[in-house]
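# Here is the input, now give the coordinates:
(one chain, ligands or ions: 1)
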Amino acid sequence: MNNTEVVLFWFKRDLRLTDNRGLYKALSSGFRVLPVFIFDTHILDKLEKDDARITFICEVLGSINRSLRQNGSSLITFHGTPEHFFSEMPLPFPVNAVYASTDYEPYAFERDTKIGNILRSKGMHLHLIPDQMIMEPGTVMKQDGKPYTVFTPFSRRWSSLFRAGMIKEEPSVNLFGNLLQYSPLSAEPKPETLGFMTSGLKVKPADLTSDTIKSYGDNRDIPAADGTTKLGPHLRFGTISIREVFRQTEGLSNIFNSELIWREFFMHILSHFPQASEKSFRPEYDNIEWINNEEHFDRWCRGMTGYPIVDAGMRELKATGYMHNRVRMVTASFLAKHLLCDWRWGEAWFGSKLLDFELSSNNGNWQWAAGTGCDAAPWFRIFNPAIQKQKFDRNEEYIRSWLPDYGTPDYPEPVVNHTKARTRALETYGRVLRKS
Ligand code: FAD
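The predicted model follows:
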């Protein structure tokens with residue numbers, strides 16, 4: 001063990017000590033490890049001051065710090081830009097190298113490239129370790145070497161490449177003896193010290209019980225049933241390892257497994273086609289003449305469209321930071337098709353409110369619902385909110401739990417007439433496709 005220099009483990013979206021591949025590699029490097037977390041102002045500056053995700057991150061980091069302290073170590077936190085932190089390295093130890101997990105989002109990729117260059121100029125290496133997915137972008141490709149853009153063949157190929165060894169645990173905790181023994185007195189991070197407020201919205205614990213997973217296929221489409229896992233925020237922030245999710249649920253539900261593969265599919269898509277984060281995946285759809293009526297958009301955001309299943313979803317989102325997947329599909333389709341508002345407006349609204357906001361899944365699913373994406377729902381398929389309510393919330397249990405004004409004179413009239421809005425959407429989309 002080299003005792004004169006340390007290596008840093010840079011926590012990013014892998015906020016856990018167990019089964020953390022990057023941390024394991026750092027702890028196996030032959031150097032003492034000092035864990036760090038950077039509250040990146042490039043990201044923080046764009047958030048609302050009551051953003052619940054900041055509260056969650058502070059709580060998780062507090063818990064990581066307490067565990068590290070029990071092992072004689074601690075988590076160093078820094079509030080500023082990663083460029084500043086790694087240029088200055090304000091630490092009382094010489095640093096040999098930095099370890100971190102790979103991240104494929106466009107901003108993260110650019111940031112990590114910059115940090116790699118900064119470190120290289122100081123004679124250090126940034127080791128990026130895959131941890132976020134079972135199969136990294138570039139490993140599930142078509143015969144001709146191109147990326148898949150349709151889910152079903154991607155999923156088939158993914159499954160054919162899957163090996164049990166890919167989900168084995170990385171026993172990071174077994175190597176805690178290699179942590180640097182360093183616990184300076186420091187306050188635990190709090191939203192207030194970062195310029196935020198502590199939020200009352202809470203991340204729910206993930207439910208991976210075998211009962212939930214076995215009945216997932218039957219329950220997952222019913223918004224009133226508590227039938228899904230609430231894994232979203234945990235996978236987003238890495239408070240659970242994706243390998244552990246596979247280990248715990250192996251063989252219990254193919255449908256559930258398939259949802260996890262959808263997650264990887266969209267991550268691969270965004271990594272191969274980063275331009276999709278700003279533009280329609282199919283360029284011809286960037287010519288759609290959106291109406292972009294701000295009053296309609298505002299009614300959609302506030303859950304005041306007069307379509308109960310849409311309004312219930314939008315109010316659930318605002319009140320809890322969650323929205324059921326079925327309802328996400330209906331609300332997204334309603335905004336893009338019924339209201340002809342640019343799907344990017346809705347994507348951004350979801351991005352600011354969802355506790356499980358994941359750029360790749362949010363963008364991929366929004367483009368799917370708007371009909372502009374890879375493997376999208378055909379443009380002429382327009383969800384009818386009344387039929388969706390009838391099919392998935394027949395007893396109105398879900399909508400009544402979110403709409404106290406439903407059935408009273410206070411509940412708004414429909415913002416648009418379904419039949420007319422449907423015809424208008426078909427004409428608008430049709431015009432673009434006829435021209436292309
Ligand atoms: P479960 O149903 O229990 O599924 C387990 C996990 O599988 C999820 O946590 C997620 O990681 C993955 N998963 C499930 N469905 C999908 C899917 N369709 N696409 C990709 N991954 C999936 N999911 C996000 O994680 N972040 C987002 O920002 C996001 N935005 C969405 C926007 C729209 C318009 C739509 C239609 C869907 C979006 N989804 C998003 C997908 C899905 O709605 C959520 O993953 C799911 O509702 C989260 O609840 P859960 O954790 O209980 O999921």
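# At which residues are the strands of this structure located?
With DSSP state E, the ranges of strands along the chain come out as 2-11, 31-40, 76-80, 95-101, 125-129.
# For the third one, C-alpha coordinates in CSV please.
Included here for strand 76-80 are C-alpha records, laid out as CSV according to Å, rounded to 0.1, in the frame of the first residue of the first chain:
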residue,chain,number,x,y,z
ILE,A,76,-15.2,15.4,1.4
THR,A,77,-17.8,17.7,-0.2
PHE,A,78,-17.2,20.7,-2.3
HIS,A,79,-19.6,23.3,-3.6
GLY,A,80,-18.5,24.8,-6.9
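# Flag whichever of the strands of the chain has the least confidence on average.
In terms of average pLDDT, strand 2-11 trails the rest of the strands of the chain, at a mean of 91.
# helices or strands next to that strand in the packing?
Counting contacts by 3 or more CB pairs under 8 Å, 6 or more residues apart in numbering; DSSP states H and E, strand 2-11 is packed against helix 21-27, strand 31-40, strand 95-101. C-betas here are computed from N, CA, C, even on glycine.
# among those, which is nearest Ser172?
Proximity to Ser172 (CB to CB) singles out helix 21-27 among these, at 4.2 Å.
# Other residues contacting that closest one?
Residues from elsewhere that reach helix 21-27, judged by CB atoms under 8 Å, 6 or more residues apart in numbering: 7-9, 14, 17, 33, 35, 99-101, 127-131, 170-172, 175-176, 178-179.
# are any of those residues buried, and which?
Neighbour-count burial (16 or more other CB atoms under 10 Å) applied to the contacts of helix 21-27 gives 7-9, 14, 17, 33, 35, 99-101, 127-131, 170, 172, 175-176, 178-179.
# is the ligand contacted by stretch 215-227?
Yes - with CB under 6 Å from any ligand atom as the criterion, the ligand is reached by stretch 215-227 at Arg220.
# Touching, Asp405 and Tyr411? I think so.
Yes - between Asp405 and Tyr411 there is a contact at 4.6 Å, judged by CB atoms under 8 Å.
# returning to what we had before: and the contacts of helix 21-27 near the ligand, which?
Within those, nothing lies near the ligand by CB under 6 Å from any ligand atom.
# Contact partners for the closest residue to Asp221 other than its chain neighbours?
Taking CB to CB, 6 or more residues apart in numbering as the measure, Asp221 lies nearest to Arg326, with 5.2 Å between them; neighbours along the chain are not counted. For Arg326, the contact set (CB under 8 Å, 6+ apart) comprises Asp221, Ile222, Pro223, Gln388, Phe392.
# hmm, 7 Å instead?
Applying CB atoms under 7 Å, 6 or more residues apart in numbering to Arg326 gives the contacts Asp221, Pro223, Phe392.
# gap between the residue most central in space within the chain and Phe176?
The structure's the chain has its C-alpha centroid closest to Glu358; by CA atoms, centre = their mean the separation is 2.0 Å. From Glu358 over to Phe176 the distance is 30 Å, taken as CB to CB, to the nearest Å.
# Return the residues of the protein in contact with the ligand.
Taking CB under 6 Å from any ligand atom as the contact definition, the chain meets the ligand at 220, 228-232, 235, 259-260, 262-263, 266, 325, 328-329, 332, 350, 354, 356-358, 361-362, 365-366, 369.
# Any of those buried? List them.
Buried members of these, scored by 16+ other CB under 10 Å, are 220, 228-232, 235, 260, 262-263, 266, 328-329, 332, 350, 354, 356-358, 361-362, 365-366, 369.
# Please flag which of the residues you listed sit within helices.
The helices, defined by DSSP state H, take in 232, 235, 260, 262-263, 266, 328-329, 332, 350, 361-362, 365-366, 369 from these.
# which one of those sits closest to Thr55?
For those, the minimum distance to Thr55 (CB to CB) is 16.3 Å, reached by Gly232.
# Excluding chain neighbours, what is closest to that closest one?
Asp356 (2.6 Å).
# Does that neighbour touch Leu231 like I think?
No - taking contacts as CB atoms under 7 Å, Asp356 lies outside contact range of Leu231: 8.0 Å.
# Convert stretch 259-269 to PDB, retaining C-alpha atoms only.
Extracted in PDB, the C-alpha atoms of stretch 259-269 (Å, rounded to 0.1, in the frame of the first residue of the first chain):
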ATOM      1  CA  GLU A 259     -38.600  -2.500 -18.400                       C
ATOM      2  CA  LEU A 260     -35.000  -2.500 -17.100                       C
ATOM      3  CA  ILE A 261     -33.900  -3.200 -20.600                       C
ATOM      4  CA  TRP A 262     -36.000  -0.200 -21.900                       C
ATOM      5  CA  ARG A 263     -33.900   1.900 -19.500                       C
ATOM      6  CA  GLU A 264     -30.700   0.700 -21.000                       C
ATOM      7  CA  PHE A 265     -32.200   1.000 -24.500                       C
ATOM      8  CA  PHE A 266     -32.800   4.800 -24.000                       C
ATOM      9  CA  MET A 267     -29.400   5.200 -22.400                       C
ATOM     10  CA  HIS A 268     -27.800   3.700 -25.500                       C
ATOM     11  CA  ILE A 269     -29.900   5.800 -27.800                       C
END
